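Participant: How does the following fold in three dimensions:
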Amino acid sequence: MPLQNIGIVYRKELTEALRDRRTLISTLLVPLLLFPLMSVGFIGLAQSLEKKAEQKTPKVMLLGGADSPQVLEMLRKMEKIEIVPTTPEWKNEIIEKRVQVVIAIPDGFQSSLEQQKSETIEIYKYRGELKSSTWADNIEIELKEFSKKVVESRLEASHVPASVLTPFKIEQENVAPPEKVGGETFGGLIAYMVILLCMIGGMYPAMDLTAGEKERGTMETILSSPISRLDLVLGKFFLVLTATLVTAALSVTSMGVSFWGARQFGSQEISKNPDAMFAQMNIGLPAVLSVFLMALPLAVLFSAGLITISLFAKSYKEAQSYVSPLMILVIVPAVAAMLPGVELTSKLALIPILNVSLLCKELVTGTYHWNFIALIFLSTCVYAAAALFLAVKMFQREDVLFRS
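Facilitator: Just a heads-up that it's a prediction; the model follows:
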């Protein structure tokens, strides 16, 4: 029976796949470890580096200010900064990271303040360098506080209350639930990672079951067995699909667990700051299941496409060179969905990979556009069926199977 023959091929390929270390790493290990490392590891590392940057004593150079003792006294009273001697090559000192911040105080600054003239204090930093940027911001905050005190003293001298500067207060308050906030923040990244991991999960089994068979010289043996070509290709396809689905399932499961763990890890920070990064890492179970369901037809598309492309290769190494451009074709639309302003429309709903990525981004926020969901699911199923049909046709061509 055809189903029995497909099952025989499937079990045979599954047994060999479980013995392949590359397949196990790409299917099981990568999706299990990637999300925890990204969610908890990277964010925790970033916060740790930021705290270390704030704890280290930065070197600050002053340009001018000899005639402005008040502002100099204020800067020297700042904790954890070291005032270093002024040099003409102060720009190179910043670029070479020997000095983190340079403050330029204009001549006659204090005299201008007394005459109520406006002057500009310039802060020079190394943009992109964490320590320099952090302390430039801290020094700017202190200078703004100094400016505020100057204004308050002027008002007091004029017998005007300081409240005249703040006739009313402005407060921002979030009304969106945590799931939607987390979805808006991480939705594009989650969709990108799930799509990429689906591709990687099926890549190595597909290459091994096609080009690997040719390289090992076992393709002729399996073709001579009393099983039809259709049963053979379907058996191999279902094995690749299994690897892809397992990768997708593990990735979305790891995603949900990682986000939960990240919130527990940053629970103290969340209580202090509701807008903290950990507070936004809140993805509900319905969103996780929805992302997995939308990945199903995409997994079929990837599995069939990988088998078709790898079948043209004569060796495993050659198959890798063929599959590499496909990675770019997958990554580009997946990344495009992360760009600001790219919204799901009826036209974009027909573009493969991009449509699923945009939809997953919406699903993570808890937004369900059922017309788009139906259109994307059906169109992706059509693309997947076409890819599977092409894989079957290529498997029946002798010039493809026995390229020399």
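Participant: In contact with residue 244, which residues?
Facilitator: Residues in contact with residue 244 (Cβ atoms under 8 Å, 6 or more residues apart in numbering) are 198, 201-202, 299, 302-303. Any C-beta I mention is one placed from the backbone N, CA and C, and that applies to glycine too.
Participant: most surrounded residue in those residues?
Facilitator: Among the contacts of residue 244, residue 202 has the most neighbours (other Cβ atoms under 10 Å), with 33 neighbours.
Participant: just to revisit the earlier point, among the contacts of residue 244, which ones are in helices?
Facilitator: Among the contacts of residue 244, the subset assigned to helices under DSSP state H consists of 198, 201-202, 299, 302-303.
Participant: With pLDDT as added columns, please give those in a markdown table.
Facilitator: Compiled in a markdown table, the ones in helices among the contacts of residue 244 are given as follows (pLDDT from 0 to 100):
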| residue | pLDDT |
| --- | --- |
| 198 | 82 |
| 201 | 81 |
| 202 | 83 |
| 299 | 86 |
| 302 | 88 |
| 303 | 87 |
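Participant: hang on, the earlier thing: can you redo the contacts of residue 244 as CSV with distance to residue 241?
Facilitator: Shown next, in CSV, are the contacts of residue 244 (distance: Cβ to Cβ, whole Å):
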residue, distance to residue 241
198, 10
201, 10
202, 7
299, 6
302, 9
303, 4
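Participant: Now do the same for residue 103: helix, strand or coil?
Facilitator: Reducing the assignment to helix, strand or coil with DSSP: H, G, I helix; E, B strand; the rest coil, the entry for residue 103 is strand.
Participant: tell me the SS of residue 60?
Facilitator: Look at residue 60: counting by three-state DSSP, its state is strand.
Participant: now do residue 123
Facilitator: Under the three-state scheme (three-state DSSP), the conformation of residue 123 reads as strand.
Participant: thought it was touching residue 139?
Facilitator: Yes. The criterion here is Cβ atoms under 8 Å, and residue 123 meets it with residue 139 at 6.1 Å.
Participant: Mind checking which of those two has more residues around it?
Facilitator: It is residue 139, of residue 123 and residue 139, that has more neighbours when counted by other Cβ under 10 Å, with 21 against 15.
Participant: Now the helix or strand containing that one: average pLDDT?
Facilitator: Using DSSP states H and E, residue 139 falls within helix 130-157. Summarised as a single mean, pLDDT over helix 130-157 is 86.
Participant: next one: that helix to chain centre, how far?
Facilitator: Shown here is helix 130-157, whose average C-alpha point lies 35 Å from the average C-alpha point of the whole chain (Cα atoms, centre = their mean, to the nearest Å).
Participant: List the buried residues for stretch 207-225?
Facilitator: Going by neighbour count (16 or more other Cβ atoms under 10 Å), the buried part of stretch 207-225 is 207-215, 219, 222.
Participant: Any chance you could spot the residue sitting in the middle of the protein?
Facilitator: Nearest to the mean C-alpha position of the chain, counting by Cα atoms, centre = their mean, stands residue 189 at 4.2 Å.
Participant: and that one, what helix or strand is that in?
Facilitator: Residue 189 is part of helix 178-209 when elements are defined by DSSP H and E.
Participant: Can you tell me which helices and strands the next helix or strand after that helix packs against?
Facilitator: Moving toward the C-terminus from helix 178-209, the next helix or strand (DSSP H and E) is helix 211-216. Where contact means 3 or more Cβ pairs under 8 Å, 6 or more residues apart in numbering; DSSP states H and E, helix 211-216 is packed against helix 316-336.
Participant: which residues are in contact with the helix it packs on?
Facilitator: Contacts with helix 316-336, where a contact means Cβ under 8 Å, 6+ apart, come from 191-192, 195-196, 199, 203, 206-208, 210-212, 215, 302, 305-306, 309-310, 312-313, 342, 351-354, 357.
Participant: Now residue 342. Nearest residue, chain neighbours left out?
Facilitator: In space, and not counting its chain neighbours, residue 342 is closest to residue 336: 6.1 Å by Cβ to Cβ, 6 or more residues apart in numbering.
Participant: per-residue pLDDT, that neighbour?
Facilitator: At residue 336, the model reports a pLDDT of 79.
Participant: Quick check: it vs residue 19, distance?
Facilitator: In this structure, residue 336 and residue 19 are separated by 38 Å, where distance is defined by Cβ to Cβ, to the nearest Å.
Participant: Between those two, which has more neighbouring residues?
Facilitator: Neighbours per residue (other Cβ under 10 Å) separate residue 336 from residue 19, with residue 336 holding more: 17 against 9.
Participant: Only C-alpha atoms, please: export the host helix or strand of residue 11 in PDB.
Facilitator: Residue 11 belongs to helix 2-18 when assigned by DSSP H and E. Output of helix 2-18 as PDB, limited to C-alpha atoms (Å, rounded to 0.1, in the frame of the first residue of the first chain):
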ATOM      1  CA  PRO A   2       1.300   3.500  -0.800                       C
ATOM      2  CA  LEU A   3       0.900   4.800   2.800                       C
ATOM      3  CA  GLN A   4       2.700   1.700   4.100                       C
ATOM      4  CA  ASN A   5       5.600   2.300   1.600                       C
ATOM      5  CA  ILE A   6       5.700   6.000   2.600                       C
ATOM      6  CA  GLY A   7       5.900   4.900   6.300                       C
ATOM      7  CA  ILE A   8       8.800   2.600   5.500                       C
ATOM      8  CA  VAL A   9      10.800   5.300   3.800                       C
ATOM      9  CA  TYR A  10       9.900   7.700   6.600                       C
ATOM     10  CA  ARG A  11      11.000   5.400   9.400                       C
ATOM     11  CA  LYS A  12      14.200   4.600   7.500                       C
ATOM     12  CA  GLU A  13      15.100   8.300   7.000                       C
ATOM     13  CA  LEU A  14      14.100   9.100  10.600                       C
ATOM     14  CA  THR A  15      16.400   6.500  12.000                       C
ATOM     15  CA  GLU A  16      19.300   7.900  10.000                       C
ATOM     16  CA  ALA A  17      18.400  11.500  10.800                       C
ATOM     17  CA  LEU A  18      18.500  10.800  14.500                       C
END
